[in-house]
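Enquirer: Task: produce atomic coordinates for the following.
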Amino acid sequence: MVPSEAERLGRYLGAVVSARQCPVHIAVAFNAVYFGYDVVAGGYVGGPLDLDVFPQVRLGDSGPALPIGAMINLVTGAGLLPAEVVYKEGARWSTDQGEEIPEDIVGESAAPADAHVATLRERLVIDFDAFGRGLSASTTQIARLSRKARWLNPDGHLVLDSEYPSAAAADLDDLAYYARYLAGPARHLILSSLAPLPLATLLAPGAGAIALEQALTSVFATVREALLWNGEIRMHGDYAVSRASYASRLHDDGVLGGGDLDSLSTTIAGSAVPRPGRRGSRAARVTHTALGPAIRKLAGTGGLLRGLAYPLAICHANLLLGDFARSSSDEETGLLDNGVRLTLRDAWQAGGVWRAEYVGREALPSPDLPDPGFPPGPVVAPEDAPRAPAPWETVSWARDDESLSEPRIIEASDEEVVWTSVLRLSHLRNATLLLPDPVAAGLAPTPNALRVELDHDGGLTTSVATVVRAAGRPYLAGSVWPSSFFPGIVLILRWTPGTDVVRARTVRLDPPVRVDGETFWYRFDRRVLTRDGAAEDGDGAPTGAVHQVMRAVRVLGLLDNYGRATLPESRLFEAVRLLWHDRGARPDPELTAAVVTLLARRVLSLEWGSLAADGQVDHPARARQARIRLLSYVPVRDDSAWTQPEWSPLAAARPLAHSHVVQGHIRRIDHLGQQASDAARTAYREDKELWGLVGSREIPDGYTYVPAHRRGV
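Expert: Numbers count the residues shown, from 1 in each chain. All right, here's what the predicted structure looks like:
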């Protein structure tokens, strides 16, 4: 997404967060963008939604699990009430059981892995005004429903046993479950022909549920980035609140204001500290405080946590506790002044479960403490030939990046095999290239010497390579890669079975792409750019603390498809020492100062991840897992002011082409006094059938249809 588009999306989502009376989950933010939430009217008014097709839900003590973001029709005695699910939490521990929750409930699994149905006790908060304030359910109606135990509880929340189709489905985080829901039971919503740009039109015709689910996951990631971009928003997990509402809470001297939440933070942090008594000091212990019951216990909260007010108070309280734990903890030990380590152990159950463990004022980090790092496995950037492992590859918490160089087959037939490969730094240094197994098998009876024809930068070069095997994998060795190649460049390769010629070409980007101030003229893999761009220099050499911190995050951090690398903050010092073999690594105070500098410059950011029971770190944070802080590096893409490098021979050969494909979409024209033409109506029917869209075969009155076309030169 180009900067201008990201800025517009971020501004709009900021307006949505400010307009709604509750925290805006990423799933709900997606709804706002896709279905058109009107921040002025205060609802999905006039958007591409047909309320009559919403699934009808008969609520009782149990029912099918509903995801956050679900648009439903509640069946009541008075008719159907359209509503949107905006918040959900575990309700395994109820309010009347107190705020201290047993440890065995924290992070509890839904059911055995082989169970056919999994049941979770959940609290759902529903926005009855999402489709227009006062148009769906009046305050009187909600109060009447709340008096009936089988409908809503006294706070207007739905508490029920949610039935998931499997334990695996129950363990999905809220975004993943919503993607599966939209690609399955609610598929008709994203395939609606009334949408300005139905999601299916961006995929191949006939795309199935898996493709839709994957596309939705990518869109959710874009929405998350836009929310994080907006400086007026604070994020608690997947929920966004406005900084203005949070500041207003902190400056409020009343019930549930800043004073109450500060007092609550102190109480939770001190709950594990030994205290003197008549029979001696009470033993130190570990406590788990459920935030939902804890804020309800505060004096004077009766009636102040009804409806949408509850999730807003919960998110504000979690933000304050997180800020308190970060600002008041020692940077090296992670302990508060009272010797307590305070962490969010379970973000999903009962509004969030905070763990307080008394370690002692003089305690230092110990290798016997629970490991908050990565799961066992080899680490980043394995070399392409047998070698002794690097020091950081022997630790158990590092990531395996071997798949980054794995060839991807596009087409395989008796006539031709086509695949793509990404060149790693080791490929460029060693003049090698990993081959896919079908090609290696086909090359077995042919001579080992192959001719590699490379089409790059307007010219054709030829080199001779040899087929070798290293670490059990087939490689081309001896290929001559041009000096303009860089780690992460993508090659498209072709081989005809029975021949000894491999043809490779690069894919030129028009216009080029700028990342972190460097211009790239050819298609590349952002993940490899992050990894190998950091590993290209500084191996074993003394360098500045800023460089060491950046390289540790980029080389050893958890990597996503967008090139973002996130490293547990608690592992930073160890990661630097491993990369520099304990020699040349800067002292911890210098590294800490470097982190502060990088955060201030926004080169790095702090984000939340989660820690599973098996030690695996996930980002974004998953529901019902302990949260941990991550240092995050995100490649900065800037296409607004690129300059044409002098080395490119194509610069003078031809002008750059600036064009893009515009997908088919409907457009309003009634304000122009026009009607859709017969050609537009025919094209609409044909494309509707091609993409499998649902709804009427006719263009809505007042609109026309613009078929897909290419815009620009």
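Enquirer: how about low-confidence regions in the stretch 1-150 of the chain?
Expert: Where the stretch 1-150 of the chain drops to pLDDT under 70, the residues are 1-4, 46-48, 59-60, 77-78, 94-99, 103-116, 133-150.
Enquirer: which residue ranges form the helices in it?
Expert: 3-19, 26-35, 139-146 (DSSP state H, counting those that start in this stretch).
Enquirer: what does the stretch 201-350 of the chain give?
Expert: Under DSSP H, counting those that start in this stretch, the stretch 201-350 of the chain gives helices at 209-229, 243-250, 258-270, 291-296, 309-328.
Enquirer: Tell me the gap between the third one and the middle of its chain.
Expert: It refers to helix 258-270. Offset of helix 258-270 from its chain centre (CA atoms, centre = their mean, to the nearest Å): 31 Å.
Enquirer: Now distance to Pro512 and mean neighbour count too, for the helices of the stretch 201-350 of the chain, in TSV please.
Expert: The C-beta positions use only the backbone N, C-alpha and C, and glycine is treated the same way. TSV is the format used below for those (distance: least, CB to CB, whole Å; neighbours: other CB atoms under 10 Å):
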stretch	distance to Pro512	mean neighbour count
helix 209-229	22	17
helix 243-250	36	16
helix 258-270	49	18
helix 291-296	49	23
helix 309-328	40	21
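Enquirer: so which of these comes closest to Leu567?
Expert: helix 309-328 (16.5 Å; CB to CB).
Enquirer: Let's see that closest one as PDB, backbone CA atoms only.
Expert: The C-alpha trace of helix 309-328 is given here as PDB (Å, rounded to 0.1, in the frame of the first residue of the first chain):
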ATOM      1  CA  ALA A 309     -18.700   0.800  28.800                       C
ATOM      2  CA  TYR A 310     -17.300  -2.500  30.100                       C
ATOM      3  CA  PRO A 311     -14.900  -3.300  27.200                       C
ATOM      4  CA  LEU A 312     -13.700   0.300  27.200                       C
ATOM      5  CA  ALA A 313     -12.900   0.200  30.900                       C
ATOM      6  CA  ILE A 314     -11.200  -3.100  30.500                       C
ATOM      7  CA  CYS A 315      -8.900  -1.900  27.600                       C
ATOM      8  CA  HIS A 316      -8.100   1.300  29.500                       C
ATOM      9  CA  ALA A 317      -7.200  -0.700  32.600                       C
ATOM     10  CA  ASN A 318      -5.000  -3.100  30.700                       C
ATOM     11  CA  LEU A 319      -3.200  -0.200  29.000                       C
ATOM     12  CA  LEU A 320      -2.600   1.500  32.400                       C
ATOM     13  CA  LEU A 321      -1.300  -1.800  33.900                       C
ATOM     14  CA  GLY A 322       1.000  -2.300  30.900                       C
ATOM     15  CA  ASP A 323       2.300   1.200  31.100                       C
ATOM     16  CA  PHE A 324       2.800   0.800  34.900                       C
ATOM     17  CA  ALA A 325       4.700  -2.500  34.500                       C
ATOM     18  CA  ARG A 326       7.000  -1.000  31.700                       C
ATOM     19  CA  SER A 327       7.700   2.300  33.300                       C
ATOM     20  CA  SER A 328       8.200   1.000  36.900                       C
END
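Enquirer: centre of the chain versus that helix, how much separation?
Expert: Counting by CA atoms, centre = their mean, helix 309-328 comes out at 21 Å from the chain centroid.
Enquirer: packing partners for it?
Expert: Packing partners of helix 309-328 (3 or more CB pairs under 8 Å, 6 or more residues apart in numbering; DSSP states H and E): strand 79-90, strand 233-236, strand 239-242, helix 243-250, helix 258-270, helix 291-296, strand 340-346.
Enquirer: can you redo these as TSV with distance to Thr420?
Expert: Formatted as TSV, the helices and strands packed on helix 309-328 follow (distance: least, CB to CB, whole Å):
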stretch	distance to Thr420
strand 79-90	40
strand 233-236	35
strand 239-242	37
helix 243-250	43
helix 258-270	52
helix 291-296	48
strand 340-346	41
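Enquirer: And those: which comes nearest Ala6?
Expert: Nearest of the helices and strands packed on helix 309-328 (CB to CB): strand 233-236, 13.8 Å.
Enquirer: Okay, buried residues for stretch 495-506 please.
Expert: Going by neighbour count (16 or more other CB atoms under 10 Å), the buried part of stretch 495-506 is 495, 497, 502-504, 506.
Enquirer: Going by distance to Asp38, which of those wins?
Expert: Of the buried residues of stretch 495-506, the one sitting nearest to Asp38 (CB to CB) turns out to be Thr506, at 46.1 Å.
Enquirer: so who does Asp701 touch?
Expert: For Asp701, the contact set (CB atoms under 8 Å, 6 or more residues apart in numbering) comprises Asp670.
Enquirer: What count of nearby residues applies to the residue nearest to Val75 when sequence neighbours are not counted?
Expert: Spatially, and ignoring its direct neighbours in sequence, Val75 is nearest to Arg58 (4.7 Å; CB to CB, 6 or more residues apart in numbering). Residues lying near Arg58 (other CB atoms under 10 Å) number 9.
Enquirer: With Ala612 instead?
Expert: 15.
Enquirer: Please tell me I have it right and it contacts Asp618.
Expert: Yes. Look at Ala612 against Asp618 with CB atoms under 8 Å: they come within range, at 6.6 Å.
Enquirer: Which neighbours do the two have in common?
Expert: Gln625.
Enquirer: Quick one: list the elements packing against the helix or strand Leu491 falls within.
Expert: For Leu491, the host element (DSSP states H and E) is strand 490-495. Contact here means 3+ CB pairs under 8 Å, 6+ apart; on that basis strand 490-495 packs against strand 417-422, strand 501-506.
Enquirer: hmm, back to that, of the helices of the stretch 1-150 of the chain, which approaches Gly334 most closely?
Expert: helix 26-35 (28.4 Å).
Enquirer: Many thanks, I have nothing further to ask.
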